[in-house]
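In: just the structure for this:
(one chain, ligands or ions: 1)
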Amino acid sequence: MKLILLGPPGAGKGTQAKMLTERYRIPQISTGDILRAAVKEGTPMGVKAKGYMDAGGLVPDEVVVGIVRERLQQSDCQNGFILDGFPRTVAQADALNSTLADLDKNLDAVISLEVDPEALVERLTGRRTCRDCGRGFHVTFDPPAVAGKCDACQGELIQRDDDKEETIRKRLEVYRAQTEPLVAYYRSAGLLSAIDGMQDIQVVKNKILAVLAAK
Ligand code: AP5
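Out: Numbers count the residues shown, from 1 in each chain. Below you'll find the model as predicted:
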């Protein structure tokens, strides 16, 4: 299964990608996670990316296109992959088409998760992530058994730097201007399935599985 999860910040791309990797045994490729790891390690790419990310803007296309091109050539992507947070511009989508053509692969599906803007702000301000294993939670919609602690590894739950309300609103603006055109891009390519992302996490998962089962 070669899949893109498309949707605004907080739509549930990461939440669903983690469940789908277990179901299909294919890797989740999250450009956001890769960039955050580079920022944490202080690599030259991370230093360059940090300013854009903290401001809620997009990291330049050439940086993320290079990351994904390299990642897709690794052996664990042989049987498929889930792209989460990439592509985010038409230029990135065009670059992905070239990379896949070079690798003799085709996309199977693009799932667009649709969520009301105000719900996105509530989801992102309440999101918490385990510092150690990266598992995601929400203080209201998907709370941990013990406040502040990861259910899986007992690690500390932290809030992302870009999950402050002002930065979230900037990220949503950037999504509308630069990423939303990809909905029409993939619809015209006959690949798009839109799913109502306002429903419960498990209901969304089942709807995605139903779409993918029909591919
Ligand atoms: P990235 O990490 O990709 O962030 P994003 O796209 O803004 O998406 P999020 O991770 O915020 O949301 P999500 O859809 O994964 O939601 P989640 O499942 O966590 O990018 C961060 C930054 O990196 C960008 O701003 C940019 O600077 C840079 N970047 C990354 N990729 C780039 C690219 N390709 N080009 C250029 N720059 C790039 O869910 C959110 C919360 O809601 C969670 O708490 C979850 O528990 C809860 N939730 C999920 N589903 C539901 C549901 N159905 N009902 C109720 N709650 C739910």
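
In: SS state for the residue of the chain most remote from its centre?
Out: Distance from the C-alpha centroid of the chain, by Cα atoms, centre = their mean, peaks at residue 146 (26.2 Å). With DSSP: H, G, I helix; E, B strand; the rest coil as the basis, residue 146 sits in coil.

In: work out which residue lies at the spatial centre of the chain.
Out: Nearest residue to the geometric centre of the chain (Cα atoms, centre = their mean): residue 84, 3.1 Å.

In: that residue is in contact with residue 11, isn't it?
Out: No. Using Cβ atoms under 8 Å, residue 84 is not in contact with residue 11; the gap is 10.4 Å. In this view, the C-beta of every residue, glycine as well, is placed from N, C-alpha and C.

In: ok, now which ones touch whichever residue of the chain sits closest to the ligand?
Out: Closest approach between the chain and the ligand, counting by Cβ to the nearest ligand atom: residue 32, at 1.9 Å. Neighbour list for residue 32: 14, 84, 85 [criterion: Cβ atoms under 8 Å, 6 or more residues apart in numbering].

In: among those residues, which lie within helices?
Out: residue 14 (DSSP state H).

In: lowest-confidence one in the contacts of residue 32?
Out: Lowest in pLDDT among these is residue 14, which has 95.

In: residues from this structure in reach of the ligand?
Out: Within the chain, the positions adjacent to the ligand are 7, 9-15, 31-32, 35, 52-53, 56-59, 64, 85-86, 88, 92, 123-124, 127, 136-138, 141-142, 162, 171, 197, 200-201, 204 by Cβ under 6 Å from any ligand atom.

In: picking that back up, ok, the residue of the chain closest to the ligand to residue 83 distance?
Out: Using Cβ to Cβ, to the nearest Å, residue 32 is found at 11 Å from residue 83.

In: same thing with residue 12?
Out: Residue 12 sits 15 Å away from residue 83, going by Cβ to Cβ.

In: ramachandran angles for residue 152?
Out: phi -80, psi -40 (degrees, to the nearest 10).

In: pretty sure it contacts residue 134?
Out: No. In this structure residue 152 lies outside contact range of residue 134 using Cβ under 8 Å: 9.6 Å.

In: which residue comes closest to residue 31 once chain neighbours are left out?
Out: Among residues not flanking residue 31 along the chain, residue 86 sits closest, at 4.4 Å (Cβ to Cβ, 6 or more residues apart in numbering).

In: give the contact list for the residue nearest to the centre of the chain.
Out: Counting by Cβ under 8 Å, 6+ apart, residue 84 makes contact with 5, 13, 14, 17, 28, 29, 30, 31, 32, 33.

In: over to residue 56?
Out: By Cβ under 8 Å, 6+ apart, the contact set of residue 56 is 162, 167, 168, 169, 170, 171, 173, 174.
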